[in-house]
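[1] Below are the sequence and a predicted model for it; my questions follow.
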Amino acid sequence: MMRFPFIEISGNEYELGMNFGKIFKADITENVKQAEQEMQDPSIQADFKIVKKKLETDFSQQLEHIYGRADGAGVDRDLYLLFLCYELWEDRNIDRCSDIIVKQDNQIIMGHNEDGPYTQQNSAFIKYNVDNGYYFDYSTPDALPGASFGFNSHGLVYSMNYMYIENMKRTSIPVWFVMRPIVECKNFQEIKEKLSNFETASGFHLNIFSEGKAYSIEGLFDKVEIKEIEDIFIHTNHYINETFDTGYTPPDSNTLFRLTKIRELLRRKKDKKLTVSDIEEILSYRGESYYNSILSEADMERNMTACTIIFNSEDKTYNLINRLEKKQHVFHL
C-alpha cells in the first residue's frame with residue numbers, strides 16, 4: 001500500500017478503526033503481545049478495570065474506534081486497550097518533539113519536528129473522512145489521533161508534545177483519550193470547552209492554530225494553562241509554565257538542549273523577518289551527536305525525526321517533510 005503522502009479512510013468510529021487495524025495489523029499484533037505480559041500483573045489488572053469503566057462512561061466513541069482497530073487486526077480488544085493506556089504499565093521514552101511558532105504582523109508560521117520510534121511501516125499520515133468533514137493526523141498504532149500533528153477541514157492546525165511525568169495518576173484518563181477529541185474541533189472555543197473538565201493520568205503540550213491565532217496549551221492532571229502567542233514561542237518536552245513542573249528532565253535527555261539551541265539560532269536571525277525556510281533550517285540543525293542536535297537522524301540510534309511540518313498562515317500552506325520517505329508534499333488548507 002502506498003503511504004505517501006497520505007492514506008485515506010472513511011466511516012464511523014468503528015469502521016475507521018477497522019480500516020486502521022487492517023493497515024497496521026503486524027504492529028498491533030506485536031503491541032498486544034507486550035500488553036499480554038503486562039496484564040498478568042494483578043495490580044495492572046485491577047487498575048485497568050477502573051480505567052476501562054471510566055472510558056466506557058465518558059469516552060465511548062474512542063472505545064469504538066479502538067475496538068474496531070483490534071477487530072481489524074484480529075487481536076484481543078482488552079489487551080490492545082491496555083496497550084494504549086500506557087500510564088498503567090509503561091514509563092515512556094522521555095524525548096519526542098520540537099516546536100517553533102512565530103507571529104509577525106498578521107502572519108503565523110508553525111514548525112514542528114515529530115520525533116519517535118517511527119518506521120515506514122508503523123506510521124502514516126492519514127486522512128480520516130468523518131461526518132462533519134475530515135482531519136489529517138500522523139498516526140501510529142501506539143496512540144490515538146491527536147498525539148502528533150495534523151490539521152482539519154475547519155482550518156485547525158495542531159501539534160502535540162509528549163511531556164515526561166515522573167509520577168503519573170495511573171487510574172485517571174489516559175492522555176491519548178483527552179487528545180483525541182481535539183482533532184475534530186471547529187474553533188478554539190470548542191477546544192477550551194473540551195479541556196475544561198477532565199483529569200488525565202499524565203500531561204501534554206498542544207500547539208494550536210485556529211481562526212488566525214496561535215496558542216500554546218500545557219496540561220497536567222486536572223490543570224490547563226493557555227497562552228496566546230504574540231511573537232516567538234518555542235517548546236520541547238518539558239513544562240515551561242512555572243505553575244506546573246519545574247522543568248524536570250532525566251539525565252538521558254536533550255529536551256533542555258533543544259530549547260536552548262532553538263533560542264540561540266533564532267536570536268541570530270533577530271534583525272530579519274523570519275521565513276518558512278528559516279524555521280526549516282533551525283529544525284534541521286544537527287551537531288555531532290543526538291545530545292547536541294535538534295534534528296535526530298537514523299545514525300544517532302535514538303528516536304529519529306520522522307517528519308518536519310511547517311504551516312504558513314499567509315498562504316495557508318502545510319509543508320510535510322517526511323524524512324522516513326525522503327519526500328515532501330504541500331497541502332493547501
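    That came through fine.

[2] Helices of the chain, start to end?
    Here the chain has its helices, by DSSP state H, at 13-23, 25-38, 42-58, 60-73, 77-84, 175-179, 188-194, 255-267, 276-283.

[3] got TSV for those helices, with mean pLDDT, mean neighbour count and distance to residue 229 too?
    C-betas here are computed from N, CA, C, even on glycine. Converted to TSV, those look like this (pLDDT from 0 to 100; neighbours: other C-beta atoms under 10 Å; distance: least, C-beta to C-beta, whole Å):
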stretch	mean pLDDT	mean neighbour count	distance to residue 229
helix 13-23	98	21	32
helix 25-38	96	17	35
helix 42-58	97	14	31
helix 60-73	97	20	29
helix 77-84	98	21	31
helix 175-179	96	25	20
helix 188-194	96	16	12
helix 255-267	95	17	14
helix 276-283	98	19	14
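
[4] Can you tell me which of the ones you listed is nearest to residue 204?
    Nearest of these to residue 204, taken as C-beta to C-beta: helix 175-179 at 5.5 Å.

[5] Determine the set of other helices and strands touching the closest one.
    strand 203-210 (3 or more C-beta pairs under 8 Å, 6 or more residues apart in numbering; DSSP states H and E).

[6] and the strand it packs on, average pLDDT?
    Throughout strand 203-210, pLDDT has a mean value of 96.

[7] Restricting to C-alpha, output it in CSV.
    Only the C-alpha atoms of strand 203-210 are listed here, as CSV (Å, rounded to 0.1, in the frame of the first residue of the first chain):
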residue,chain,number,x,y,z
GLY,A,203,0.3,15.6,30.8
PHE,A,204,0.6,17.1,27.4
HIS,A,205,1.5,20.2,25.5
LEU,A,206,-0.5,21.4,22.4
ASN,A,207,0.2,23.9,19.8
ILE,A,208,-2.9,25.2,18.1
PHE,A,209,-3.7,27.5,15.1
SER,A,210,-7.3,28.5,14.8
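
[8] Is residue 160 bridged to anything, and to what?
    As for beta bridges, residue 160 partners with residue 206 under DSSP bridges.

[9] how deep is it tucked in, by neighbour count?
    When neighbours are counted by other C-beta atoms under 10 Å, residue 160 registers 28.

[10] wait, residue 309 sits on residue 322?
    No - with contact defined as C-beta atoms under 8 Å, residue 309 and residue 322 do not form a contacting pair (9.4 Å).

[11] now stretch 207-223: how far from the chain's centre is it?
    Taking C-alpha atoms, centre = their mean, to the nearest Å, the mean C-alpha location of stretch 207-223 is offset from the chain mean by 13 Å.

[12] just stretch 35-50 next, same as before
    25 Å.

[13] all strands of the stretch 51-200 of the chain, in order?
    In the stretch 51-200 of the chain, strands defined by DSSP state E, counting those that start in this stretch lie at 98-104, 107-116, 124-130, 133-139, 149-152, 157-162, listed in chain order.

[14] okay, the angle between the first one and strand 157-162?
    Read that as strand 98-104. 140 degrees (axes from the mean of the first three to the mean of the last three C-alpha atoms, to 10 degrees).

[15] Please save the CA atoms from strand 98-104 in PDB.
    Taking Å, rounded to 0.1, in the frame of the first residue of the first chain, the C-alpha atoms of strand 98-104 are listed here in PDB:
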ATOM      1  CA  SER A  98      10.400  20.400  19.000                       C
ATOM      2  CA  ASP A  99       8.100  23.300  18.100                       C
ATOM      3  CA  ILE A 100       8.600  26.900  16.900                       C
ATOM      4  CA  ILE A 101       5.700  29.400  16.500                       C
ATOM      5  CA  VAL A 102       6.400  32.800  15.000                       C
ATOM      6  CA  LYS A 103       3.800  35.600  14.800                       C
ATOM      7  CA  GLN A 104       4.800  38.600  12.600                       C
END
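
[16] Tell me which strands that strand pairs with, and in which orientation.
    When DSSP bridges is applied, strand 98-104 pairs with strand 107-116 (antiparallel), strand 232-235 (antiparallel).
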